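Engineer: Structure, please.
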Amino acid sequence: MSNVYDISDQAQINKQAAIWVTRLDRGLTKAELKELQHWLKNERNERELFMMASTWDKLDSFSQLSTLFQPAIHNNSGKFERRTYLIAASVIFCSLFVWLFTTFSLTEDESFLTADKVMSSHSTYQTAVGQHSTINLSDGSILTINTNSFVTVDFNANERLIKLVKGEIFIDVAHDTSRPLSVIADDTVFQAVGTAFNVKKVLNESIELLVTDGKVLIAELKNIKRSVDAASGIKMAMDLPSGVTHAATPGDMVIIKSSQTSKQKRANLGGEDIKVSLGWLDRKLIFKGETLQDAMNEVSRYTDSKFIIPEENLRNQKIAGVFKTDDIEVLLNTLSQNFNIHHERTQNGNILLVSK
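Structural biologist: Residues are numbered from 1 along each chain as shown. Alright, predicted model coming up:
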């Protein structure tokens, strides 16, 4: 008997076997049961179906197959018995392979959890102007990165460290008391065990922290002492002594000027104000009485165009509305229709805003 098979024919068998595994998993109709019985008369089909089922871990769905083979036992018991033994041997082999693979995989995972050097990882994330990205980190934390931002992430067995080089992030921290998560922005450290907070670098002037859940500790980087684990050679978690830290709780907005925690401006925001500050998570810009100048400063973070407002009175005009971060044209049209503010584009790509 030839063992040379046509590749296209084998591909069709594989495809059909996958379809049957899916059908078996959800249960067969009477018509499908009859069709499958006919299809399994081909030995190659039968072998491929069992092999695919074992690979997909769907052998429990095959309990209903006993009725398919009952007629074959009466008609040609010797051939079917031999074929059944071969299939059973194949299934046992595949199951043994899966067991061995799982066992050794778990062993490697355990070493991943206990070996400091294996656990160390370094990642870099960057968004372009107008871009928005969400990353599921290896510890279960969720990192959302706003427009024009640059972030580095370093994890090891002792700590979780995120450095905000520029831009803005929101981090939903997975709870892990043995590995605090620290965010460094300039010379300030924000540390939490399991919480959610937003960190924003405003040009080179200040850093803004907004806590939405849990407690975040704040300290100056220069006051943090870090030791190195002798066995692994990696740094231990940042220890933030109570005497050099400040705590922020849900609703707290902390603005740090010139990267000095001693020069803080604090406020506790209500639900609506938090929604405004974090509108970017839903790709929205929400204005509730900001001056046109302040609003355009925020809008400019999401576009390469610069806004020029030559009239002082216009710069101080208050505006309100909800706009999409990726649709500046709608914003400009709204300014024109609702606030009588005309816009025109200059030759160098800037946008000029003037009174009508």
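Engineer: ok, how many other residues are close to the nearest residue to Asn350 once chain neighbours are set aside?
Structural biologist: Nearest non-adjacent residue to Asn350, counting by C-beta to C-beta, 6 or more residues apart in numbering: Lys306, 4.6 Å away. C-beta: built from backbone N, CA, C; applies to glycine. Lys306 is flanked by 13 other residues according to other C-beta atoms under 10 Å.
Engineer: Over to Ser277?
Structural biologist: By other C-beta under 10 Å, neighbour count at Ser277 equals 17.
Engineer: Tell me who's in contact with it.
Structural biologist: By C-beta atoms under 8 Å, 6 or more residues apart in numbering, the contact set of Ser277 is Asn198, Leu210, Met253, Leu269.
Engineer: Please, which helix or strand holds the closest residue in space to the second one that isn't next to it in sequence?
Structural biologist: In space, and not counting its chain neighbours, Leu210 is closest to Asn198: 4.3 Å by C-beta to C-beta, 6+ apart. Applying DSSP states H and E as the criterion places Asn198 in strand 196-202.
Engineer: Can you identify the element that follows that strand toward the C-terminus?
Structural biologist: strand 206-213.
Engineer: quick check: angle from that following strand to strand 196-202?
Structural biologist: 170 degrees (axes from the mean of the first three to the mean of the last three C-alpha atoms, to 10 degrees).
Engineer: Relative to strand 206-213, what are the paired strands and their orientations?
Structural biologist: According to DSSP bridges, strand 206-213 forms sheet pairs with strand 196-202 (antiparallel), strand 252-257 (antiparallel).
Engineer: CSV for these, including distance to Leu40?
Structural biologist: Listed next are the strands paired with strand 206-213 as CSV, based on distance: least, C-beta to C-beta, whole Å:
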stretch, distance to Leu40
strand 196-202, 54
strand 252-257, 66
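Engineer: so the residue nearest to Asp252 when sequence neighbours are not counted bridges to which residues?
Structural biologist: Leaving aside its chain neighbours, Asp252 sits nearest to Val211 (5.0 Å; criterion: C-beta to C-beta, 6+ apart). When bridges are called by DSSP bridges, Val211 pairs up with Phe197.
Engineer: correct me, but Val211 touches Thr195?
Structural biologist: Yes. Using C-beta atoms under 8 Å, Val211 is in contact with Thr195, at 6.9 Å.
Engineer: what comes up buried for stretch 337-352?
Structural biologist: Buried residues in stretch 337-352, counted by 16 or more other C-beta atoms under 10 Å: Phe339, Ile341, His343, Ile351.
Engineer: so Gly270 makes contact with Met253?
Structural biologist: No. With contacts defined as C-beta under 8 Å, Gly270 does not count as touching Met253, sitting 10.8 Å away.
Engineer: Which one of these two is surrounded by more residues?
Structural biologist: Legend: neighbour count by other C-beta under 10 Å for Gly270 and Met253, higher for Met253 (18 against 9).
Engineer: Give the full set of residues in contact with that one.
Structural biologist: Glu208, Leu209, Leu210, Arg266, Ala267, Asn268, Leu269, Ser277.
Engineer: What subset of those is buried?
Structural biologist: Among the contacts of Met253, those scoring as buried are Glu208, Leu209, Leu210, Leu269, Ser277 (criterion: 16+ other C-beta under 10 Å).
Engineer: Comparing the strands paired with strand 206-213 by mean pLDDT, which bottoms out?
Structural biologist: Mean pLDDT is lowest for strand 252-257 among these, at a mean of 90.
Engineer: Next, the buried residues of it.
Structural biologist: Asp252, Met253, Val254, Ile255, Ile256.
Engineer: Dump it to PDB, restricted to CA.
Structural biologist: Taking C-alpha atoms only, strand 252-257 is exported to PDB below (Å, rounded to 0.1, in the frame of the first residue of the first chain):
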ATOM      1  CA  ASP A 252      -6.800  63.000  44.600                       C
ATOM      2  CA  MET A 253      -5.200  65.200  41.900                       C
ATOM      3  CA  VAL A 254      -1.600  66.000  42.700                       C
ATOM      4  CA  ILE A 255       0.400  68.500  40.600                       C
ATOM      5  CA  ILE A 256       4.100  68.500  41.200                       C
ATOM      6  CA  LYS A 257       6.000  71.500  40.000                       C
END
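Engineer: can I assume Thr346 is in contact with Leu352?
Structural biologist: Yes. Counting by C-beta under 8 Å, Thr346 touches Leu352, with 5.9 Å between them.
Engineer: hey, what's in contact with both of these two?
Structural biologist: By C-beta under 8 Å, 6+ apart, Thr346 and Leu352 have these common neighbours: Ile308.
Engineer: So Val211 and Thr195 - more neighbours on which side?
Structural biologist: Val211 (25 against 21).
Engineer: returning to that earlier point: just confirm the residue nearest to Asn350 contacts Thr346, I think it does.
Structural biologist: No. Lys306 lies out of contact with Thr346 (C-beta under 8 Å); the separation is 9.2 Å.
Engineer: Flag the shaky bits of the stretch 1-150 of the chain, pLDDT-wise.
Structural biologist: 1-11, 15, 21-22, 25-27, 50-119 (pLDDT under 70).
Engineer: Please repeat the previous calculation with a cut-off of 90.
Structural biologist: 1-122, 138-139 (pLDDT under 90).
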